[in-house]
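# Okay, sequence plus prediction incoming.
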Amino acid sequence: MSALADAAMDRKPVAGWTHNFYRYPARFSPRFAAAAIESFSKRWELILDPYMGGGTAVVEGVAAGRNVVGNDLNSLAAFITRVKLAKLSFAESLALRNWATNTVPNFSYHMDVEDLESFVDPVKTKNLSLARARFIKKAVAAALASIAELATQNSRDFAKCVVLRVSQWALDGRSRHTPLNDFRNKLSSTAQEMLESARTFAEQTRRSQGHATILNMDAARLPESPVFGSGKQKVSLVVTSPPYPGVHVLYHRWQVDGRRETPAPYWIAGCNDGQGAAFYNFGDRRETAADTYFSKSLLTLKSVRRVMRDGGHIVQLVAFNRPDEQLPRYLENMRAAGFAEVKTGNDRIWREVPNRKWHATFVGKTHSSNEVVLVHEAV
């Protein structure tokens, strides 16, 4: 448990493998995920993250030689995690390097609007016509048009993720307009960095022989999935960070030009959206009692327990905006779902959350700025 506690307190920026392919909201420390995997599982055992977000635990599990199932309700999370795990062929890597070196520098504001029209989704580009965003919107459309020329789906998805990461840098929360030249330079250098990270991670997975299956579904339906539907595979370890009660996280939007929300990530990644924030957060943040959250949470926890073996462990990082009230309710949900808490010492491990972007940060320091490590055994 000491290794897990040390890892939980780690405040270093997220880094390593392919973790920086995208800054998914509320991502947790790779060191924490790695420590949990090392402490509570063995090589070849099956690991699950039912709310995988940006895929931190999935990537670390594969690197450690585990078989991993990653799931998320958000199609953007599934897209990002698949790209993080992608193995590019020599030809695909070469084509992507050529795209970054020779095609990206030629993007221009002066490209014909009609040529780009088919690459712009009017619904998913909402608020990108605002002053600080409209020029980057055209540059992104030009980037997407060039990506269509790449030969394989694998390479096209990788390039989309490059554009996604750089567009997030250029648009999300920016107080001023990003010049086109800065966007192009960042796109080119980021592509090269991500290709090197992908190469290094691919070498590690060849050594470890870890494997991952990515699902995009409601965690409450996991027992019905192709992976678990037969009942033959059972999970030994769950490592996850579920949605937090009373804490509003923008899993599905960026904020542009004075915090106007845009679903642009879904446009760039080519994913479906259409859901409000409550869909991804287990309930509306305006619901003071968070009853909807706890009802939904219990359903998913029961489903997670159904796909686990007896004696398996679930390791979680959870935050609450009113911990005195909500932590006991969450622990009662865990008991009702079939889990018994495993003590991590005399006191639970609490950590201050570094560099996370959620609603609580806009209203000052709150209880939801802190997470607690919960370890339970399936009984």
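The structure has been received and is ready for your questions.
# all helices for the stretch 101-250 of the chain, in order.
113-116, 134-147, 153-171, 180-208 (DSSP state H, counting those that start in this stretch).
# quick one, which of those helices is nearest to Asp273?
Set against Asp273 and scored by CB to CB, those come closest in helix 153-171, at 13.6 Å. C-beta coordinates here come from the backbone N, C-alpha and C atoms, glycine included.
# That closest one: how far from the chain's middle?
Centre-to-centre, helix 153-171 and its host chain are 14 Å apart (CA atoms, centre = their mean, to the nearest Å).
# How about the contacts made by Ala170?
136, 178, 182-183, 186 (CB atoms under 8 Å, 6 or more residues apart in numbering).
# at 6 Å what do you get?
Ala170 makes contacts with 136, 178, 183, as judged by CB atoms under 6 Å, 6 or more residues apart in numbering.
# Save the residues you listed as CSV, and put in pLDDT, distance to Tyr293 and neighbour count too.
As requested, those are exported to CSV (pLDDT from 0 to 100; distance: CB to CB, whole Å; neighbours: other CB atoms under 10 Å):
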residue, pLDDT, distance to Tyr293, neighbour count
Ile136, 88, 35, 25
Thr178, 88, 36, 19
Phe183, 93, 38, 23
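# Report the central residue of this protein.
The residue lying closest to the centre of the chain (CA atoms, centre = their mean) is Gly54, at 1.7 Å.
# Show me what the longest strand seen in the chain is packed up against.
If you go by DSSP state E, the chain has its longest strand at strand 308-319. Strand 308-319 sits against strand 235-240, strand 370-378, with contacts defined as 3 or more CB pairs under 6 Å, 6 or more residues apart in numbering; DSSP states H and E.
# Can you tell me which of those strands is most buried?
For these, average neighbour numbers computed from mean count of other CB atoms under 10 Å are highest in strand 235-240, which has a mean of 26.
# Which strands border that strand, and is each parallel or antiparallel?
Partners of strand 235-240 in the sheet, by DSSP bridges, are strand 46-49 (parallel), strand 308-319 (parallel).
# Buried deepest among these, which one?
For those, the highest mean count by mean count of other CB under 10 Å goes to strand 46-49, at a mean of 28.
# State the mean pLDDT of that one.
Strand 46-49 shows a mean pLDDT of 98.
# Start at 465, not 1
Okay, using 465 as the starting number, the last item reads as strand 510-513.
# Other residues contacting stretch 518-537?
Stretch 518-537 is contacted by residues 481, 488, 491-492, 494, 497-498, 501, 507, 510-514, 516, 542, 544-545, 548, 668-669, 672-679, 682, 691, 703 when judged by CB under 6 Å, 6+ apart.
# Any chance of a PyMOL selection covering the buried ones in these?
Buried subset of those, written as a PyMOL selection, criterion 16 or more other CB atoms under 10 Å:
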select buried, resi 481+488+491+492+494+497+498+501+510+511+512+513+514+516+542+544+545+548+668+669+674+675+676+677+678+679+682+691+703
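# Out of the contacts of stretch 518-537, which sit inside strands?
Of the contacts of stretch 518-537, the ones assigned to strands by DSSP E are 510-513, 675-679, 703.
# Return the closest of these with respect to Ala800.
Nearest to Ala800 among the ones in strands among the contacts of stretch 518-537: Leu512, at 19.4 Å, using CB to CB.
# and the closest one, what is it in contact with?
Neighbour list for Leu512: 533, 699, 702 [criterion: CB under 6 Å, 6+ apart].
# Could you do Ala801 as well?
For Ala801, the contact set (CB under 6 Å, 6+ apart) comprises 765-766, 769.
# Go again with 8 Å.
Residues in contact with Ala801 (CB under 8 Å, 6+ apart) are 762, 765-766, 768-769.
# what's the answer for Gln719, then?
Applying CB under 8 Å, 6+ apart to Gln719 gives the contacts 636-637, 725-726.
# can we see that at 7 Å?
By CB atoms under 7 Å, 6 or more residues apart in numbering, the contact set of Gln719 is 636-637, 725.
# So how do I select the buried members of the residues you listed in ChimeraX?
Applying 16+ other CB under 10 Å to the contacts of Gln719 leaves a buried subset, and the ChimeraX line that selects it is:
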select :636
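# which of the contacts of Gln719 lies closest to Lys588?
Of all the contacts of Gln719, Glu725 has the smallest distance to Lys588: 11.8 Å, by CB to CB.
# looking at the sheet around the closest one, what are its partners?
Counting by DSSP bridges, Glu725 is bridged to Gln719.
# correct me, but it touches Tyr715?
No: checked against CB atoms under 7 Å, the pair Glu725 and Tyr715 is beyond contact range at 11.8 Å.
# got any residues that touch both of those two?
Joint contacts of Glu725 and Tyr715 (CB under 7 Å, 6+ apart) do not exist.
# now stretch 542-551, how far from the chain's geometric center?
Relative to the mean C-alpha coordinate of its chain, stretch 542-551 is positioned 10 Å out (CA atoms, centre = their mean).
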